[in-house]
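1. Here's my sequence, what's the structure:
(chains A and B)
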Amino acid sequence: MFNAFGFERSVATRFMIEGRVQSLLILAGVAAGVAVVAYISALMASVQLNLIDKTLGAQAHVTLSALDDSIIPARDAGADKSEADDTALDTVLNTTTPQILTQTQPRAQRPRSPKNWRLLEPLLEATPGIAAVSPIITAGGLAVRGEVSKSIAISGVELNRYDRIVRLRSKVVAGVARLEPGEGMIGRDLADDLGVRVGDRLNIIVGSVTDSLRVTALLDYGVRDVNRRAVIVPLRTAQSLVNLPGGATGIELSLVDLWAAPAFAEDFARRWAYKVESWQDANPQLVSALTAQSVSTSLIRAVVMIVVVLGISSVLVVSVVQKRREIGILRAMGATRGQVMRIFLLQGAIVGALGSALGIGLAWAMIWAFVAFVHGEDGLPLFAITFPPSLALIVSAIAIVCGILAAVAPARRAAKLDPAQAIRI
Amino acid sequence: MIAPATSAPPAPTATSGAPSPIGGALITLSDIHKRYNIGLPNEAEVLRGISLTVAHGEFVALIGPSGSGKSTLLNIIGLLEQATTGSYQIEGQETSALDDAALTLQRRITLGFVFQFHHLLPAFTALENVTLPALMREGKVSAAQRDHAREVLAAVGLSAAMDKKPGELSGGMQQRVAIARALVLNPPLVLADEPTGNLDRAASDEVFALLRKMHAELKTSFLIVTHDPRLAARCDRIVELIDGSIASDAAVVATEPTPPATPAMATAADKKSS
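-> Residues are numbered from 1 along each chain as shown, chains lettered A, B, ... in the order given. From the prediction side, this is the model:
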């Protein structure tokens, strides 16, 4: 197989070396195109991850909770009989169907546990693709200190398990992450508002229940609104605050691949009678922003690749014209149309391969420059851009395929040359 | 002295290989017509009923004025074009019904080409140009094939210029490389279209002498298109084409020494080479 293309390789490379200025120009073009595509891909992937990380810093990928409490309308059994004579109504209601009372008052959602949640936990933990499972109780309340009271969002959790969902320990900016009975961690802006420091006590009120807790750590979620409201307490404390002994209002999951959240959510919703929410359900605006970004990026990448394809193609078309005589003599000597075609397809592939190697190097340099020179106000890089080898491989493969595709038309043209005419020129 | 066929790579079919003894028909053309632009107002009949046989080992000159159809006939014999009507057989095998792929294969095993403008690949050295037919066939060049190519280049007097590119060689040397390339796989027939047409008189004599030498050594058939009656006279047989028909076809009576060219012809030849 390797030998089979020896002739084509030899002629293709010599043709390229012979027209080295043309070859270098198109290589530079391909390299620039590949660099842009690779850089944009790496940048956007990192931007999105960064954005998601910051936005979803305090969120689970999937949350399971009890189905909403709703009123099942009662059936009015006597309706069809009593109204039997009223033909006008008959036609509307169709006497054979039972009548339904259509207006109901939605029920207030009191805290409830998902049914059999303790049994569900091990099942979820054993599911491949799920990285962490943590029961949680969420409730709204007030934090009171002296004369100040602030509205808060209470999360009752088991520290170690919850830490695996939202990396709570990494958010600690003061104190030590610890949740013994009677202890709690609070957002740092809430601490400022209430004037508390690590070790101070504060009261929290949920409904008619009041509890007191000692602040063990201050947390920074990166979002001020969250920092102003977050209060993390032990699960048991929360259970007594919301009067849900042994219960949890939800189960939070962290996934290995966060993009798989909708698929998991759909699967769970189909299998079990729980309310299932993926992070995408909870953040529709973020999702649409990310989608818009992805679409724009794809569009830019596609346009760049089309430009690259056209560039390679036009250079090869010129090369076919320039090499007519050589192609003619090769055909006269017995080169098949297939061989002539492969000479030019190979040139496309070589341009794609060399161009992508250069382009990947260039993209790497651009990323390095971005990380090294573009800093935020704090003097640190804006965010980390990673350039995974898999991305480099994919971009290179696409560039090579594009190179070959670009060469198809010129190669066919070369193969179709009439040797008798080509030699005469 | 180079060995015919024995050191050449094995031929894919029986049509190639060691030349048959002189006398057997190598190519046979019967009533070949070639028309261009058929059905259009500018339709032209370039060949009008050519019948011609070239035997193994013959050294034939094809002469005639410009526009007489020499190049077209050579292209048809070289399987680069197909006749509009008529039969063309190579070693008894009819070629008029072959498709492009079959014609290409037939060219590869039966024919060697030498053109007026050398047509070497400028990016390859002399040696690489000569090993190109083997590379084309097998995708690689074996050491034996390379050695054979060196022998052929030495036989055409280019031992010292093997690693030079065509651009570094004189016209005569380039033509010798082209002759070596045409002969390297030992085809039964070499077609030469004005092989000396682009050379000065001295180089032209040298190249022609080389063709005769290679013919004597290899017994390959040669069909040479030339404008130069002086050179045609040094062939074994002259076929003259006028207006697409064979006007004369006769063996050359051995004349010693070579007849001097008329002043007019010499001037014409010199003009071409300048």
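2. Can you pull out the low-pLDDT segments for chain A?
-> Chain A contains residues with pLDDT under 70 at A:1-4, A:57, A:71-104, A:425.
3. So out of everything in it, what residue is nearest chain B?
-> A:Gly334 (2.7 Å; CB to the nearest CB). Using the backbone N, CA and C atoms, a C-beta is placed for each residue, glycine as well.
4. Give me the most central residue, the chain.
-> Using chain A here. A:Trp259 (4.8 Å; CA atoms, centre = their mean).
5. looking at chain B here, not the other one
-> Centre-nearest of chain B using CA atoms, centre = their mean is B:Leu191, 1.7 Å out.
6. Residues of chain B that sit close to chain A?
-> When proximity is defined as CB under 8 Å from any CB of the partner chain, chain B approaches chain A at B:71, B:75, B:78, B:80-81, B:100-101, B:104-105, B:107-109, B:111, B:113, B:115, B:119, B:121-124, B:132-133, B:135-140, B:181.
7. quick one: which of those residues sit in helices?
-> Of the residues of chain B next to chain A, the ones assigned to helices by DSSP state H are B:71, B:75, B:100-101, B:104-105, B:107-109, B:132-133, B:135-138, B:181.
8. Any quick PyMOL command for the buried ones out of those residues?
-> To isolate the buried ones among these in PyMOL, judged by 16 or more other CB atoms under 10 Å in any protein chain shown, type:
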select buried, chain B and resi 71+75+104+105+107+108+109+132+133+135+136+137+138+181
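9. farthest-separated two in the ones in helices among the residues of chain B next to chain A?
-> Spatially, the most separated pair among those is B:Ser71 and B:Glu138, at 31.2 Å (CB to CB).
10. Can you classify the residue nearest to the centre of chain B by secondary structure?
-> strand (DSSP: H, G, I helix; E, B strand; the rest coil).
11. show me what contacts it?
-> B:74, B:77-78, B:111-114, B:223 (CB atoms under 8 Å, 6 or more residues apart in numbering or on different chains).
12. Could you show which parts of the stretch 201-350 of chain A are in contact with chain B?
-> Going by CB under 8 Å from any CB, the residues of the stretch 201-350 of chain A near chain B are A:325-326, A:328-337, A:339.
13. which secondary structure element contains the spatially closest residue to A:Arg236 that is not a sequence neighbour?
-> Residue nearest to A:Arg236 in three dimensions, not counting chain neighbours: A:Pro181, with 6.5 Å by CB to CB, 6 or more residues apart in numbering or on different chains. Under the criterion DSSP states H and E, no helix or strand holds A:Pro181.
14. hang on, the residue of chain A closest to chain B packs against B:Pro133?
-> Yes: between A:Gly334 and B:Pro133 there is a contact under CB atoms under 8 Å: 7.0 Å.
15. Measure how buried residue 46 is and give me the count.
-> Answering for chain A, as no chain was given. 19 (other CB atoms under 10 Å in any protein chain shown).
16. not what I meant, chain B
-> B:Val46: 19 neighbours (other CB under 10 Å).
17. Just want the residue of chain B that's nearest chain A.
-> B:Arg108 (2.7 Å).
18. quick one, phi psi at the spatially closest residue to that residue that is not a sequence neighbour?
-> Excluding its sequence neighbours, the residue lying closest to B:Arg108 (CB to CB, 6+ apart) is A:Gly334, at 2.7 Å. Dihedral pair for A:Gly334: phi 110, psi 10, per degrees, to the nearest 10.
19. start to end distance for stretch A:231-239?
-> 14 Å (CA to CA, to the nearest Å).
20. swap in stretch A:153-167?
-> OK, stretch A:153-167 end separation, CA to CA: 18 Å.
21. buried ones in it?
-> A:153-157, A:159, A:161-163, A:165-166.
22. Find the pair from those residues with maximum spatial separation.
-> Between all members of these, the farthest pair (by CB to CB) comes out as A:Ala153 and A:Arg161, at 18.9 Å.
23. mind listing the helices for chain B?
-> B:70-77, B:100-110, B:126-138, B:143-155, B:171-183, B:201-218, B:229-232, B:263-273.
24. most tightly surrounded among those helices?
-> Comparing the helices of chain B by mean neighbour count (mean count of other CB atoms under 10 Å in any protein chain shown), helix B:171-183 ranks first with a mean of 26.
25. distance between it and the chain's centre?
-> 11 Å (CA atoms, centre = their mean, to the nearest Å).
26. Can you tell me which helices and strands it packs against?
-> With contacts defined as 3 or more CB pairs under 8 Å, 6 or more residues apart in numbering or on different chains; DSSP states H and E, the secondary structure elements packing on helix B:171-183 are strand B:111-114, helix B:126-138, helix B:143-155, strand B:189-193, helix B:201-218.
27. Can you lay out those as TSV showing mean pLDDT?
-> Formatted as TSV, these follow (pLDDT from 0 to 100):
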stretch	mean pLDDT
strand B:111-114	88
helix B:126-138	91
helix B:143-155	90
strand B:189-193	90
helix B:201-218	86
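28. Can you list phi and psi of the closest residue to A:Arg107 other than its chain neighbours for me?
-> Counting by CB to CB, 6+ apart, A:Asp69 is the residue found nearest to A:Arg107 once chain neighbours are left out, at 4.8 Å. Backbone geometry at A:Asp69, expressed as degrees, to the nearest 10, gives phi -70, psi 120.
29. A:Asp69 contacts A:Pro106, correct?
-> No: under the criterion of CB under 8 Å, A:Asp69 makes no contact with A:Pro106, lying 9.0 Å away.
30. what does stretch B:125-136 contact?
-> So stretch B:125-136 is in contact with A:6-7, A:10, A:330, A:333-335, A:339, B:9, B:108, B:120-121, B:124, B:141-142, B:145-146, B:149-150, B:152-153, B:158, B:161-166, B:169, B:177-178, B:180-181, B:184-185, going by CB under 8 Å, 6+ apart.
31. and if you look at stretch A:406-421?
-> Residues contacting stretch A:406-421 (CB under 8 Å, 6+ apart): A:308-313, A:316-317, A:319-320, A:323-324, A:327-329, A:331-332, A:337-338, A:340-349, A:352, B:75, B:80-81.
32. From A:Ile204, how far out is the residue lying closest to A:Arg201 once chain neighbours are set aside?
-> Using CB to CB, 6+ apart and skipping the chain neighbours, the partner closest in space to A:Arg201 is A:Arg214 (5.3 Å). According to CB to CB, to the nearest Å, A:Arg214 and A:Ile204 sit 12 Å apart.
33. Those two: which is more packed in?
-> When neighbours are counted by other CB under 10 Å, A:Arg214 and A:Ile204 differ, and A:Ile204 comes out ahead with 26 against 15.
34. And that one, which helix or strand is it part of?
-> Counting by DSSP H and E, A:Ile204 is found in strand A:201-206.
35. and what of A:Phe370?
-> helix A:337-373.
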